[in-house]
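Student: no FASTA, just this:
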């Protein structure tokens with residue numbers, strides 16, 4: 001009778017998993033994107049003209065040179081297609097990413113992920129990760145230099161490209177020269193996944209030595225008052241500022257902390273080290289940026305021991321992650337300075353993250369996925385589930401198969417447990433007899449029961 005009941009329960013549970021899982025996922029995660037704006041096509045740089053960027057987010061050079069958006073003009077939201085047409089652009093085209101680079105400011109501010117859609121419908125738009133300044137979800141990255149007494153490129157600089165399109169096989173070099181003999185170049189290359197490499201170079205053909213501090217930044221607008229529940233950070237899944245410092249992932253900083261608020265109840269309860277205001281890091285900065293549940297924008301320095309990093313807020317729900325060289329680099333006349341910074345901008349796919357860890361020695365990039373407290377246990381189960389899913393093509397079936405695999409691995413232990421339970425049932429009458437016989441002497445009762453266990457080989 002018990003066996004029949006167990007079989008019926010197993011069949012019912014299997015049906016619930018197979019047919020209930022898709023419904024549950026749709027309810028818990030109604031949108032897989034953190035952007036719902038309709039994608040606009042990239043603008044052909046040959047047809048575009050330079051126009052005044054009335055909503056450019058600019059600011060003073062502070063703490064190492066990184067600029068942060070503070071202008072009130074950024075509060076004016078304009079259509080994405082309009083903003084994309086305002087300035088000349090270099091197209092970006094890879095098997096998994098499409099977009100463009102804004103030549104005014106040298107910003108990577110237009111990226112869509114063609115493998116991922118906003119929702120599960122057939123006509124859904126691809127996920128938009130980066131958007132230009134002045135749009136609803138402004139989110140962009142760029143590299144630059146800070147210096148005193150020397151003209152450096154800024155947000156109003158219009159760069160000259162040597163190619164019209166950035167692809168995995170055709171890198172693009174942007175160049176600009178000032179009037180005192182310094183030539184700046186940024187060579188951008190992209191792979192077939194989500195990694196963009198920026199090689200900054202400055203050649204000093206002037207008469208005097210100059211001092212420059214290379215930096216990189218990621219700037220995004222985040223309306224904290226209107227964050228969808230599916231995008232909000234929780235105590236189980238972190239969404240917001242993230243990075244790896246001194247070899248460990250840090251999920252303790254939220255947007256509210258960077259904006260100047262004290263850690264909330266859950267952050268304090270679970271041991272956050274975040275403090276209100278600027279959050280700075282100066283030891284072994286492996287990478288930092290902003291994470292959503294499924295997507296990541298992160299800066300990866302070439303030398304983890306030679307950069308300072310921080311998160312800052314510019315007001316009006318604008319946040320910035322930045323890295324900068326610890327000290328200014330002296331460039332003598334006739335000399336050149338080169339710096340490499342990588343940008344990850346894409347989906348948090350475990351296999352891709354691990355590949356970059358291995359290829360470039362990026363520490364703990366896979367921790368962009370918030371695995372939680374049981375990382376050591378969850379990762380092997382993830383590998384197993386992902387492998388089963390690739391075989392059967394259905395997560396519900398993969399979960400059922402994984403359950404059978406886990407039960408199979410645990411069968412020897414379970415078998416011993418069942419055998420022990422069977423032995424206990426067999427000796428129950430003898431135990432009751434001993435308890436009745438020695439009901440007035442607890443010590444004698446315990447000794448008799450232990451002797452019985454030994455004789456019957458009960459564990």
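Tutor: That came through, no problem. As the structure is a prediction and not an experimental result, all values here were calculated from the model.
Student: any stretches of the protein with poor pLDDT?
Tutor: Per-residue confidence for the chain (pLDDT under 70) gives these ranges: 1-11, 13-75, 261-278, 316, 459.
Student: mind giving me the domain ranges of it?
Tutor: Domain assignment of the chain by automatic domain parsing yields the ranges 31-373, 411-456.
Student: and the longest one, how far out from the chain's middle?
Tutor: The gap between the average C-alpha position of domain 31-373 and the chain average comes to 12 Å, counting by CA atoms, centre = their mean, to the nearest Å.
Student: phi first, then psi, for the closest residue to residue 135 other than its chain neighbours.
Tutor: Distances taken as CB to CB, 6 or more residues apart in numbering place residue 80 nearest to residue 135, at 5.0 Å, with adjacent residues excluded. Every residue, glycine included, has its C-beta placed from N, CA and C. Phi and psi for residue 80, reported as degrees, to the nearest 10, are phi -60, psi -50.
Student: residue 337 and residue 201 touch, don't they?
Tutor: Yes. Shown here, residue 337 and residue 201 form a contact pair, counting by CB atoms under 8 Å, at 7.0 Å.
Student: for the stretch 51-200 of the chain, just list every one of the helices.
Tutor: 80-84 (DSSP state H, counting those that start in this stretch).
Student: all strands for it, in order.
Tutor: Per DSSP state E, counting those that start in this stretch, the stretch 51-200 of the chain carries strands over the ranges 89-93, 97-102, 107-117, 126-130, 139-147, 160-161, 165-166, 172-177, 182-190, 195-204.
Student: and those strands, which is most packed in?
Tutor: Of those, the one with the most neighbours on average (mean count of other CB atoms under 10 Å) is strand 97-102, at a mean of 26.
Student: packing partners for that one?
Tutor: Here strand 97-102 touches strand 89-93, strand 107-117, going by 3 or more CB pairs under 8 Å, 6 or more residues apart in numbering; DSSP states H and E.
Student: one step back: reformat the strands of the stretch 51-200 of the chain as a markdown table; add distance to residue 397.
Tutor: As requested, the strands of the stretch 51-200 of the chain are exported to a markdown table (distance: least, CB to CB, whole Å):
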| stretch | distance to residue 397 |
| --- | --- |
| strand 89-93 | 36 |
| strand 97-102 | 31 |
| strand 107-117 | 23 |
| strand 126-130 | 27 |
| strand 139-147 | 37 |
| strand 160-161 | 49 |
| strand 165-166 | 41 |
| strand 172-177 | 45 |
| strand 182-190 | 36 |
| strand 195-204 | 33 |
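Student: of all those strands, which one is nearest residue 407?
Tutor: strand 107-117 (33.6 Å; CB to CB).
Student: please work out the angle formed by the directions of the closest one and strand 195-204.
Tutor: Angle of strand 107-117 versus strand 195-204, following axes from the mean of the first three to the mean of the last three CA atoms, to 10 degrees, is 170 degrees.
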